[in-house]
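>>> Give me a 3D structure for the following:
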Amino acid sequence: MPVDELDTRILRLLIEQPRTSVREYARILGIARGTLQARLDRLERDGVITGTGPSLSPAALGHPVLAFVHIEVTQGHLDDVGDALAAVPEIVEAFSITGGGDLLTRVVARDNGHLEDVIQGLIQIPGVVRTRTEMALRERVPHRLLPLVEAIGRRASRTERRADGGGRR
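Numbers count the residues shown, from 1 in each chain. Below is the predicted model:
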């Protein structure tokens, strides 16, 4: 089922006020607690809501250096290399990609020397042909989903109004 306008309002609250209780969310939204819980359950079941844990800062954990490491892999070894990357704690994300490489990883490190050590370790993984590293200088747009959620909600609301005859009765 697609995300509708009420789902959008629920997701906005979850993003903006993550420590609020279900009862308080229901009060703010003006809906029954059971309705809210059913919506939350469906959003989780559909994979829209994927977690409820805290967001952590690698920099505050002593790893302020952020780099994106492109990894070229020997044909047929993508899964093996991917499994090996999962064992490297400094790799916080890894994706199969198209373009100039086979994998793109987001790597955090204590300092540039530590980053070099991590990269040297990556090169030793069987199946890794070469790496290319790009250092992040400053975060310009932090990870966010609220603008996307709001855009989806606006589209759903317009679609609902059109299906309802433009809101005329």
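>>> elements contacting the helix or strand hosting residue 10?
Element membership for residue 10 (DSSP states H and E) is helix 5-16. Using 3 or more CB pairs under 8 Å, 6 or more residues apart in numbering; DSSP states H and E as the contact test, the elements touching helix 5-16 are helix 22-29, helix 33-45, helix 146-163. Just so you know, the C-beta spots here come from the backbone N, C-alpha and C atoms, and that holds for glycine as well.
>>> can I get the CA coordinates of it in PDB?
C-alpha atoms of helix 5-16 as PDB (Å, rounded to 0.1, in the frame of the first residue of the first chain):
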ATOM      1  CA  GLU A   5      -1.100  11.800   3.800                       C
ATOM      2  CA  LEU A   6      -1.700  10.400   7.300                       C
ATOM      3  CA  ASP A   7       1.400   8.200   7.000                       C
ATOM      4  CA  THR A   8       3.400  11.200   6.000                       C
ATOM      5  CA  ARG A   9       2.200  13.100   9.100                       C
ATOM      6  CA  ILE A  10       3.200  10.000  11.200                       C
ATOM      7  CA  LEU A  11       6.600   9.800   9.600                       C
ATOM      8  CA  ARG A  12       7.200  13.500  10.100                       C
ATOM      9  CA  LEU A  13       6.500  13.100  13.800                       C
ATOM     10  CA  LEU A  14       8.800  10.100  14.100                       C
ATOM     11  CA  ILE A  15      11.600  12.000  12.400                       C
ATOM     12  CA  GLU A  16      11.100  15.300  14.300                       C
END
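>>> to the chain's geometric centre, what's the distance from it?
Averaged C-alpha coordinates place helix 5-16 at 17 Å from its chain's average position (CA atoms, centre = their mean, to the nearest Å).
>>> Next, the buried residues of it.
Within helix 5-16, the residues that count as buried by 16 or more other CB atoms under 10 Å are 5-11, 13-14.
>>> Could you figure out how far it is turned away from helix 33-45?
80 degrees (axes from the mean of the first three to the mean of the last three CA atoms, to 10 degrees).
>>> what is the mean pLDDT for helix 5-16?
Summarised as a single mean, pLDDT over helix 5-16 is 92.
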